[in-house]
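S.K.: Fold the following.
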Amino acid sequence: MKHLLYLGSAIVVALVLGAGSAWWVVAGSGSEAVRYGAWKFYPLVGSSAASDLLRARIARGGLLALNRSEAIYFIADRDEQGDELRRVCTYRLEGRDLDARWWSITAYAEDLHLIPNALNRYSYNDANVDREPDGGYAIHLSGSPRDGNWIPTGGEGAFDLALRIYSPGPTLSGDLDAVELPRIIREGCPDR
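M.R.: Numbering: from 1, shown residues only. Modelled structure (predicted):
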């Protein structure tokens, strides 16, 4: 009976350690990312060349990734200064239209779900963003109401932004280093 108890305990410990280490690896930051300012890009997302680990990370996030000729995905978890995006802070995202049929920018909480808010406002895209006179746009991300384009991000914890670009044109398909991605500028934090 004592041996059976030891065997059962060993099996439980092995399962916990195995599942925990698998979750830790899948939830990791991913060495396959390429940085473009505040944005991360995974060149193999949606590709048959993607590793099993990258596919597991994509599945964990709930992304149904298309191949690069159909869509390009960028993720930001930091601002232009390299600081983590935090829901208690206020940010301004500045950008211009991209060479694509359609694009969108969406805010997600740490749990990879949309950030709950009374307005049910989670994203902007090229069809609904209000533009500045020069054709660019500014999107505000904060817990308090802002004029113009505003995504409520109030609360505690970190958040990410997802930039999805569908039917990318030749500029995006060719040289991503030449593409001007939106800038994420921190305007204020209560503790800074």
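
S.K.: Mind exporting the C-alpha coordinates of stretch 111-121 to CSV?
M.R.: Only the C-alpha atoms of stretch 111-121 are listed here, as CSV (Å, rounded to 0.1, in the frame of the first residue of the first chain):
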residue,chain,number,x,y,z
ASP,A,111,-5.9,37.4,-20.1
LEU,A,112,-6.0,37.8,-24.0
HIS,A,113,-9.6,38.9,-23.8
LEU,A,114,-11.1,42.3,-24.8
ILE,A,115,-10.9,44.9,-22.1
PRO,A,116,-14.5,45.3,-20.7
ASN,A,117,-15.9,48.8,-21.0
ALA,A,118,-19.4,50.4,-21.0
LEU,A,119,-18.9,51.7,-24.6
ASN,A,120,-18.1,48.2,-26.0
ARG,A,121,-15.2,50.0,-27.8
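
S.K.: buried ones in it?
M.R.: Residues of stretch 111-121 classed as buried: I115, N117 (neighbour count, 16 or more other Cβ atoms under 10 Å). Where C-beta positions appear, they are placed from N, C-alpha and C, glycine not excepted.

S.K.: Provide the contact partners of that stretch at residue level.
M.R.: Contact with stretch 111-121 is made by 60-62, 87, 106-109, 122, 150-155, 159-160, as judged by Cβ atoms under 8 Å, 6 or more residues apart in numbering.

S.K.: Tell me, domain by domain, which residues of this protein belong where.
M.R.: Per the record, the chain has its domains at 1-30, 32-188, by automatic domain parsing.

S.K.: need these in JSON lines with mean pLDDT, can you?
M.R.: Formatted as JSON lines, the domains of the chain follow (pLDDT from 0 to 100):
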{"stretch": "domain 1-30", "mean pLDDT": "58"}
{"stretch": "domain 32-188", "mean pLDDT": "86"}
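
S.K.: among these, which is the most enclosed?
M.R.: Ranked by mean neighbour count under mean count of other Cβ atoms under 10 Å, the domains of the chain are led by domain 32-188, which reaches a mean of 16.

S.K.: can you tell me the distance between the two ends of that one?
M.R.: 31 Å (Cα to Cα, to the nearest Å).

S.K.: show me where this structure has helices.
M.R.: Assigned helices in the chain, in chain order: 2-26, 52-61, 170-174 (criterion: DSSP state H).

S.K.: Can you tell me how far the closest residue to R86 other than its chain neighbours is from D147?
M.R.: Leaving aside its sequence neighbours, R86 sits nearest to A158 (Cβ to Cβ, 6 or more residues apart in numbering; 5.7 Å). A158 is 26 Å from D147, where distance means Cβ to Cβ, to the nearest Å.

S.K.: again, but for N117
M.R.: Per Cβ to Cβ, N117 is found 16 Å from D147.

S.K.: How about P168?
M.R.: Noted for P168: a distance of 31 Å to D147, by Cβ to Cβ.

S.K.: ok, what's across the strand from S123?
M.R.: T106 (DSSP bridges).

S.K.: shouldn't it be in contact with I105?
M.R.: Yes. With contact defined as Cβ atoms under 8 Å, S123 and I105 form a contacting pair (5.9 Å).
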